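**Q** Have a look at this prediction, sequence included:
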Amino acid sequence: MLISTRGRYAIRFLIDLAENQNSTYITTRELAERQEVSKKYAERLMALLSKENLVETQHGKGGGYKLSKEPENYKILEILTAMDEDLAPVECLTCEPNKCPRAENCKTLPMWKKLDGMINNFFEKITLKDLMK
């Protein structure tokens, strides 16, 4: 499991929105400057977050982005999976049902399944609000 830049930045952008939320929308330019990424990259990532309904969008003057729910209602697992992160520790757990021809007799599969559950459980318990502290 390797968390991609997209997954890491999605979390950073959402924390930024949470920490700077008020009645106005935050522009991609502001996010890009604060997070030290290109405006183009910020635009692509925010479009993805909007598509996944993790942020609200307003176009035009005074437009930008803001959270679609309270920070305590964002689970890190939800954000990572919305960014198409594959958190499986081994290849054979990336599809369901397991298509590995050795799955039935694999002595290590239960260990990998347990680790997969631990990873998902770990990220399910952490919220944006937790990371803001």
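**A** Cool, the structure landed.

**Q** Residue 77 in helix, strand or coil?
**A** Under DSSP: H, G, I helix; E, B strand; the rest coil, residue 77 falls in the helix class.

**Q** I'd like to know how far the residue sitting furthest away from the middle of the chain sits from residue 131.
**A** Relative to the centre of the chain, the most outlying C-alpha is that of residue 105, 34.4 Å out, by CA atoms, centre = their mean. Using CB to CB, to the nearest Å, residue 105 is found at 42 Å from residue 131. Where you see a C-beta, it was placed from the backbone N, CA and C, and this is true even at glycine.

**Q** ends of stretch 31-46, how far apart?
**A** End-to-end distance for stretch 31-46: 10 Å, by CA to CA, to the nearest Å.

**Q** Need the contact partners of stretch 55-71.
**A** 14, 17-18, 21, 24-28, 30-31, 46, 49-50, 53-54, 74, 127-129, 132 (CB atoms under 8 Å, 6 or more residues apart in numbering).

**Q** one more time with 6 Å
**A** 17, 18, 21, 25, 26, 27, 46, 49, 50, 53, 128, 129 (CB atoms under 6 Å, 6 or more residues apart in numbering).

**Q** In contact with the second one, which residues?
**A** By CB under 6 Å, 6+ apart, the residues touching residue 18 are 67, 71, 128, 132.
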